[in-house]
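# with the input below, show me the fold.
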Amino acid sequence: MNDPGLDEPITENEKVIERTFGDGKKEELEKGHLAPNRWWLASTVLPLVAGTFGPMANAFGICALAGSWRVSIPPGGTEEHGNGVTDPAWLIAVNAISLGFGLTANMSLLLNMARRLSHSVAQPITIFGWYISSLLLIIPVALTSSTLRLPPADHAFGQAYYYAIMAALIYFVTSSLMIVTAFGAYKGHYPQEFNLTISQRTLMLQTISFLAYLLSGAAVFARVEGWEFLDAVYWADFTLLTVGIGDYAPATHTGRALLIPYAIGGILILGLAIGSIRSLVLERGKKRMAARMVEKERVKALAKLSGDGDEEVLVPNRNEAASNDRDSTNLEWRRRREEFELMRQIQDQAARRRRWRSLLISAIAWFALWFLGALVFKRSEHSQSWSYFQSLYFAYTSLLTIGYGDLFPTSNSGKSFFVFWSLLAVPTVTILIGNMGDTIVKGIIEFTLWVGEWTILPGEGPVKEALKRGTSRISRKKRRALESDLEGIPTALDNLEEFLRQEHRGGICRNTENATSASLATSGPKPNASNFPRDATAAIVREIRHVISHLANPHHRYSFNEWAYFLHLTGQEAKSVLLRYVPGPTTNARGKQRRTTSFDEKEEAVDEGKWSWLGKESPLIGRKSEPEWVLEKLLERLEKLLERLERWMEQEEGRMGGRQAEGVAMS
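This is a model prediction of the structure:
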């Protein structure tokens, strides 16, 4: 259950897979954060859980078919060394039929997710197949514990019996989850297809690969070491999960030699699965939860401001509140900046709540797995007279993969339950560690670095400056507020332009002290109707180079002035309040007076009165990072400018050709 550190390679490889084998559809819509989380869970998470646990039920079904459901205990012996009692032929047949239905249902689900089988055909096969598999296992389990039960004094249930119980429960739960998914699609809350990416489907394939590797290895070592197959499954489980309990170990030279490649291969497959859990389930789940929480906080803020939660309530300040155009522009600047700062506060508050809520949920899941697992081990190991504290101790050392080996399960129920419980621990521990890294571990690291800057760690300056830097980190909120007040609001368009020059004279998102290049605000000819496509294209290309460097950090943020510049450069603003290249009013087809974008009077602009940093169209909400959003808009703008430039060149060539023809005619 240790993380081999493969999450970064997995994340990079999954991006390559998405680009190579993707179907060309956008994985996440810009407005996807507006949908309730419950429907995202029903359309994406529940199928992913079913597709991951379905193969586990199949594996347990194989284990239920591979051994006797009842064992006879020899005089003076224990059930661990009991002899299998031959099961009735009808029980074996029912067990085999159940496994067949389970495999068919799981294969139907995988084909549906791979778009090889239609949703209307695959869903009934999957749901009814797993329900039938569950029912066919519940009936013999009930008869075995009643009609077929042997005298308890010298008989016990085998490991296969307990595997059958767990398989029946998993079949029932997964089919119930698929009913919820089918119901949401029937109601029209999402399309009748699974919204799973190639990478999410890869997680299911990795789960299947790991379980197949575990069972096949158990079959080989059972033959080499002379173990029972189900005992070998128990050994392979705690070996590949690096628990290393030690009650079973290879004793032959062949077994020890085979262990070397077998353990390495299993740990690599496990590492792939853990990396997928971290990069897909954890990271993308965080994005979805964070986007939804930001949306809820945004609606609450608007409801508090307006009383009805209308996202278009904060409209620009009009001229009736100002004496002239410059005052109106300053009021518009103030409105935009106040909205931006409020949206940043909403983002920060939602991020804090999301981190601590995720940590709380994952911690509850981990403690539940620990305490409830210990309770089951206490009941199953009654022959060893385990106390609850001993069970807690064993469960804790197993969850942390310590595996001292001083305590280990010997009962058939304890061994089979350990396999299921330890497999559940893999995603639980992975998610808990990931959430701790965002909260507790992050705080400890920041505190350690702060202490180290003025104690033993080498620094670039004296201790006094390090103390000042550390103190400034503690008072970060006050410092932000002070900077916002000192920055102020420009009082004229000339000051706005100069402010933009100072903000971006080193390129977007570069410190002005380390500036090495100039952006559009400080260099190049002033844009006009004739040279704008060339000037804007050059500016966009320069800024694309800077923004690409920010993609490595998905949490990168831009300041208000950087955002204003980007929106202006990409034509997202109907009227620029930063630059003074503002054309006069134009009239659209309906006779409504509107302002166009700052650089191009021929381009249609969005309605200025409906744009807001707190609106649904704000780039600060959604699941895209800020560099991703900016880069996409810059590329879209660049494409349009290149098309216009190409048309302009064609027109110029046509005019030149006409002039040449006219000159030839005159000569």
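# low-confidence stretches in this structure?
By pLDDT under 70, the weakly predicted segments of the chain are 1-38, 194-199, 280-285, 306-330, 450, 452-536, 572-611, 659, 661-667.
# and if we set it to 50?
Residues of the chain meeting the criterion pLDDT under 50: 1-11, 13-33, 309-323, 474, 477-532, 574-609.
# helices along the stretch 551-667 of the chain, start to end?
Applying DSSP state H, counting those that start in this stretch to the stretch 551-667 of the chain gives helices spanning 560-569, 626-666.
# who does the top helix by length along the chain touch, helix- and strand-wise?
Longest helix of the chain, by residue count under DSSP state H: helix 325-380. In terms of contacts (3 or more C-beta pairs under 8 Å, 6 or more residues apart in numbering; DSSP states H and E), helix 325-380 is packed against helix 283-306, helix 388-399, helix 412-438, helix 493-504, helix 560-569. The C-beta positions use only the backbone N, C-alpha and C, and glycine is treated the same way.
# quick one on the thing from earlier: nearest to residue 406, of the helices of the stretch 551-667 of the chain?
Comparison of those against residue 406 by C-beta to C-beta identifies helix 626-666 as nearest, at 51.5 Å.
# that closest one to helix 560-569, inter-axis angle?
Angle between the axes of helix 626-666 and helix 560-569 is 30 degrees (criterion: axes from the mean of the first three to the mean of the last three C-alpha atoms, to 10 degrees).
# so which elements touch helix 626-666?
helix 532-548, helix 560-569.
# among the helices and strands packed on helix 325-380, which is nearest residue 228?
helix 412-438 (10.3 Å).
# rewinding a little: and the helices of the stretch 551-667 of the chain as TSV, adding mean neighbour count and distance to residue 384?
Output for those, formatted as TSV (neighbours: other C-beta atoms under 10 Å; distance: least, C-beta to C-beta, whole Å):
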stretch	mean neighbour count	distance to residue 384
helix 560-569	22	65
helix 626-666	13	56
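# mind putting the helices and strands packed on helix 325-380 into TSV with distance to residue 82?
Listed next are these as TSV, based on distance: least, C-beta to C-beta, whole Å:
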stretch	distance to residue 82
helix 283-306	44
helix 388-399	23
helix 412-438	8
helix 493-504	78
helix 560-569	71
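# which stretch among those comes nearest residue 212?
Residue 212 lies closest, by C-beta to C-beta, to one member of the helices and strands packed on helix 325-380: helix 412-438, at 13.7 Å.
# what helices or strands is the next helix or strand after the closest one leaning on?
As assigned by DSSP states H and E, the chain's next helix or strand after helix 412-438 is helix 440-453. Where contact means 3+ C-beta pairs under 8 Å, 6+ apart, helix 440-453 is packed against helix 463-474.
# apart from its chain neighbours, what residue comes closest to residue 49?
residue 177 (6.2 Å; C-beta to C-beta, 6 or more residues apart in numbering).
# should've said residue 171
residue 134 (3.8 Å).
# what about the one you found, which helix or strand?
Taking DSSP H and E as the definition, residue 134 sits inside helix 119-144.
# for burial, what's the neighbour tally of residue 347?
Using other C-beta atoms under 10 Å, residue 347 is surrounded by 18 other residues.
# what do you get for residue 382?
11.
# residues in contact with it?
Under the criterion of C-beta atoms under 8 Å, 6 or more residues apart in numbering, residue 382 has no neighbours.
# so what are the domain limits for the protein?
31-196, 198-438, 491-663 (automatic domain parsing).
# who does the helix or strand harbouring residue 222 touch, helix- and strand-wise?
Element membership for residue 222, per DSSP H and E: helix 198-225. Helix 198-225 sits against helix 7-21, helix 46-66, helix 89-113, helix 229-240, helix 253-276, with contacts defined as 3+ C-beta pairs under 8 Å, 6+ apart.
# go again with 7 Å.
helix 7-21, helix 46-66, helix 229-240, helix 253-276 (3 or more C-beta pairs under 7 Å, 6 or more residues apart in numbering; DSSP states H and E).
# one step back: so what strands line up beside whichever helix or strand comes after the helix holding residue 134?
With elements assigned by DSSP H and E, the helix or strand that comes after helix 119-144 is strand 155-157. Strand 155-157 sits in its sheet next to strand 70-72 (antiparallel), going by DSSP bridges.
# which outside residues touch the partner strand?
79, 82-85, 150, 154-158 (C-beta atoms under 7 Å, 6 or more residues apart in numbering).
# would you list those residues in a markdown table and tack on neighbour count and distance to residue 190?
Shown next, in a markdown table, are the contacts of strand 70-72 (neighbours: other C-beta atoms under 10 Å; distance: C-beta to C-beta, whole Å):
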| residue | neighbour count | distance to residue 190 |
| --- | --- | --- |
| 79 | 20 | 49 |
| 82 | 20 | 51 |
| 83 | 12 | 54 |
| 84 | 14 | 49 |
| 85 | 15 | 50 |
| 150 | 14 | 51 |
| 154 | 14 | 56 |
| 155 | 16 | 51 |
| 156 | 21 | 48 |
| 157 | 25 | 43 |
| 158 | 27 | 44 |
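# between these, which is closest to residue 104?
residue 158 (26.3 Å).
# that closest one reaches residue 67, doesn't it?
Yes - using C-beta atoms under 7 Å, residue 158 is in contact with residue 67, at 5.4 Å.
# joint contacts of the two?
residue 84.
# can you tell me the closest non-neighbouring residue to residue 108?
In space, residue 108 is closest to residue 125, 4.1 Å off (C-beta to C-beta, 6+ apart).
# dump the residue contacts of that neighbour.
Applying C-beta under 7 Å, 6+ apart, the residues contacting residue 125 are 104-105, 108.
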